[in-house]
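>>> build me a structure from this.
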Amino acid sequence: MGKLLQITLFLILTSSSLFAQSKLNFPAKDLQMISQRYTGNSSNWPLVVEMAEHDANKNTFILSSPNILQLQNFSSFSTLVVDQKGRIGQLINSGATVFAADEYALVNDHLQNYNKAVNTGDIEAAISYAENLKESVARMKEILEKNRVVDIQAQLSKKKGQVDKRAGLLGGWENAWVGDLFKQSDGIRTLFKSFATLSFTDGSDIQINPNTVAVIRKSRIDKLTNATDNEITLENGELLAKLSAAGKNRSQYILNAGPSRSELKTQNFYAEATGEEMAKLSNYEGEVVVNSNNITLTIRENEGTIVEDGKDPIQPVQLLPAPVLNWASTDTVINKDQLLFSYQVIDRAVSYRIQYSSSSKFDGDVTEIITDNSSVSFDDLPMGMTYARVQATDQLGLRGPYSKVARIIRTEDNKPPLIYIDDSINNILLAVSHEYTLKGLTEPDATLMINSKQVPVRSSGRFSHLISGVTGETELQINSKDLSGNQTNLRFTIVRLTENLLFNFNLRTSSALTTERINAGKIMISATAYPGLKVNISNEQQNRSISTDSQGRWGISTTLIPGDLTIYFEDLNTGQIYFSKSYIVEGEQ
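From the prediction side, this is the model:
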C-alpha cells in the first residue's frame with residue numbers, strides 16, 4: 001500500500017511539474033518550423049494548428065506542455081511512415097504493383113488516410129493509420145515474394161470508359177477491370193472515348209487510345225537477370241509505348257502494327273494501325289528498327305514512317321517540331337473556368353491535336369480536341385491542376401512530338417494564393433555555387449516578398465529571383481499576398497552542396513575525400529546528405545543507385561571488383577550531376 005502511495009504521489013508531482021511548464025507562443029509564420037521541431041516533419045503542421053490556441057488578432061499560436069508532449073510522441077509515428085515509404089518504393093521497384101496489386105492498393109489507402117488525418121489535425125487517426133501501414137507493407141512484401149514466380153507480365157493499371165479483355169485468342173470479350181492481369185495471347189479492347197494503360201513489371205506502360213484492339217503475343221521474364229521479352233500486336237487503332245529506362249536498355253519490346261514489325265529501343269513511340277493494311281509510326285526518342293516487306297530501316301528521334309501491305313516502307317521522315325505555346329511560361333493561375341489555349345503556327349501542319357487532363361501523364365481522364373486553328377478554348381476547367389499539351393500533324397498523317405506540358409491552376413479568390421517552388425523537395429533547394437535562381441509560380445496579381453524584398457510576378461504567375469551569398473544553409477521566407485488580402489507564407493532552405501559534404505563517408509578504413517585506392521570485396525557505404533539526391537555507384541559493369549530519403553539519409557551494400565569505381569550525385573528533379581569522384585579498386589590482398 002505504501003509503495004502504491006509513493007507511485008501515485010510521484011505521478012501527481014510529475015504531472016504537476018509538466019503542466020507547470022511555460023506555454024510555447026509562436027507566430028503563424030513559424031508553424032512549419034515548430035512542426036519540424038516537435039513532430040519531426042514540417043508537413044505535419046495541421047496537427048499543430050489543431051492542438052494550438054489561435055490568437056486571431058496577433059496571428060499567433062499557443063501550445064501547452066501536454067500538446068507539445070503529444071506532438072513529440074507522434075514524431076515516432078511520423079518517422080515510421082517515412083521509413084515505410086522508403087520500403088514501399090523498393091517494393092514497387094521489385095514489382096509490387098503487379099504481383100501484390102491488392103496489397104499495394106491497401107497500402108495506398110492507408111497512406112492516403114494517414115495524410116488526410118494529418119491534414120485534418122486528427123492525431124489519433126493518423127497514429128492508427130501509421131500502425132496499419134506498417135502491417136500492410138509487411139503483408140505486401142510477403143505476397144510480392146510469393147507471387148513473383150507467376151508468369152504474368154502486364155496489368156491493367158488504369159482505364160476510362162468501356163475496356164474489354166479477351167482470354168486467349170479464342171476467348172470472348174468481357175468487361176476488364178483495373179488490376180486484371182494479362183498473359184500471353186490475351187487481348188485488350190477499348191471502345192469510343194475509352195482509354196487503358198497496360199503496365200509491365202519493368203515499369204513500362206502501353207497507353208491504349210479509343211477504338212483500339214491489341215494482343216499480347218509474348219510476355220516472358222528471365223528471373224536471373226529480370227530482363228523481359230515482350231511482343232505486342234496492334235490489330236487496329238492507336239497506342240503509345242512509354243518504356244522505362246530498364247525496358248529500353250535491358251528488355252526486348254516488339255510491336256507489330258499493320259504489316260510491320262518494330263523493335264523498340266525508345267521510351268516514347270506512337271503507332272497507328274488500320275488493320276493489316278497500313279500503319280503510321282512515329283518515334284520521339286532513341287531509335288526503332290522497323291521491318292516490313294523484307295525491308296529494314298531505322299527511325300531515330302523525331303522521325304516517322306508509313307508502312308503499307310505489299311509496298312516498301314517510306315524512308316524515315318522528319319516529324320514536325322513541337323508547337324511553341326503563346327505564353328510567357330508553361331504555368332498559369334486562373335480564377336475562372338475558361339482559358340484560351342494558343343500556340344504558334346507550324347509550317348506544313350495540316351492539323352493540331354490538343355489534349356488536356358487532370359493527369360500529368362495523360363493516361364486516363366483526357367479531353368482531346370483536333371483543329372486546324374492555332375488556338376482553342378478550354379471550357380469548364382475544374383478546380384485545381386489541369387495539364388495541357390499540343391502536337392502538330394503533317395500531310396502524311398504523322399504526328400510530331402508534343403509541346404511542353406502547360407500547368408493550369410484554377411483557384412478561388414477567397415483562398416490564400418498558391419505558391420509553387422520549382423525543384424524543391426521537402427522545402428529544400430540544392431545549389432552548387434554562391435548564387436541560386438529561385439523559380440516558381442503564384443497568382444499573377446499577387447504581391448510576392450522573398451526575405452522581405454518584393455519580387456516581380458509575370459502575367460503568367462511565374463517569377464524568378466536571383467539569391468546571392470549562398471553558403472551552407474540559407475533560409476528563405478516567401479510571402480504571397482493577393483488583391484483580396486489573402487496571403488501564404490512558406491519557408492525554404494537553400495543548401496549549398498560541397499564535395500566535403502557529399503563525400504563525408506568512409507570506403508573501408510579511409511575517408512572518401514582522401515583515398516584513391518580501395519581493396520575489392522563486400523562493402524557497406526552510408527551517409528547523410530539532403531533529400532532529393534540520387535547516389536550513383538559504377539564499378540566496371542556494375543551500376544547501382546539509391547535515392548536519399550526525406551531526411552537525406554542513404555546507404556547501400558555492394559561487392560567491389562577490381563577496376564574503376566566512380567561515385568557521383570545527381571539531382572532527382574533536374575538530373576543535374578553535382579559532384580563525381582573516381583577510385584581504383586585493387587584485388588584483395
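>>> what's the neighbour count on Ile419?
21 (other C-beta atoms under 10 Å). (Glycine included, C-beta is placed from N, CA and C.)
>>> assumed Gln32 was part of a helix.
Yes: under the criterion used here (DSSP: H, G, I helix; E, B strand; the rest coil), Gln32 sits inside a helix.
>>> and the strands in the stretch 251-400 of the chain, which stretches?
Along the stretch 251-400 of the chain, the segments classed as strands by DSSP state E, counting those that start in this stretch run 252-257, 260-265, 269-274, 278-283, 287-292, 295-300, 303-308, 317-318, 331-334, 339-342, 351-357, 366-371, 375-378, 384-393.
>>> roughly how far does the closest residue to Met385 other than its chain neighbours sit from Gly461?
Nearest non-adjacent residue to Met385, counting by C-beta to C-beta, 6 or more residues apart in numbering: Ile409, 5.6 Å away. Distance of Ile409 to Gly461, given as C-beta to C-beta, to the nearest Å: 8 Å.
>>> what touches both of those two?
Asp331, Thr332, Val333, Leu441 (C-beta atoms under 8 Å, 6 or more residues apart in numbering).
>>> tell me the one among those residues nearest to Val405.
Asp331 (9.8 Å; C-beta to C-beta).
>>> neighbours of that closest one, just the number please.
22.
>>> same check on Gln391?
Neighbours around Gln391, by other C-beta under 10 Å: 24.
>>> just list whatever residues bridge to it.
Arg353 (DSSP bridges).
>>> measure it to Phe341 for me?
For Gln391 relative to Phe341 (C-beta to C-beta), the value is 13 Å.
>>> could you do Glu276 as well?
37 Å.
>>> how about the nearest residue to Arg491, chain neighbours excluded?
According to C-beta to C-beta, 6+ apart, the nearest residue to Arg491 is Gln32 (5.4 Å).
>>> check Asn291 too.
Arg261 (4.8 Å).
>>> equivalent analysis for Phe378, please.
Nearest to Phe378 is Leu339, by C-beta to C-beta, 6+ apart, at 4.6 Å.
>>> where does Lys58 fall, phi/psi-wise?
The phi/psi pair for Lys58 (degrees, to the nearest 10) reads phi -90, psi -10.
>>> for the one 3 residues further on, same thing?
With angles defined as degrees, to the nearest 10, Phe61 sits at phi -130, psi 150.
>>> for the closest residue in space to it that isn't next to it in sequence, report the pLDDT, please.
Closest residue to Phe61 apart from its sequence neighbours, by C-beta to C-beta, 6+ apart: Ala52 at 3.9 Å. pLDDT, Ala52: 89.
>>> OK, contacts around Ile561?
Ala520, Asn539, Glu540, Gln542, Val585.
>>> next secondary structure element downstream of the lowest-mean-pLDDT helix or strand in the chain?
Counting by mean pLDDT, DSSP states H and E, the weakest-scoring helix or strand in the chain turns out to be helix 2-20, with a mean of 42. Downstream of helix 2-20, the first helix or strand assigned by DSSP states H and E is strand 24-27.
>>> adjacent strands (with direction) for that following strand?
Each strand paired with strand 24-27, and its direction, by DSSP bridges: strand 60-63 (antiparallel).
>>> and the strand it pairs with, how far out from the chain's middle?
Put simply, strand 60-63 sits 36 Å off its chain's centre (C-alpha atoms, centre = their mean, to the nearest Å).
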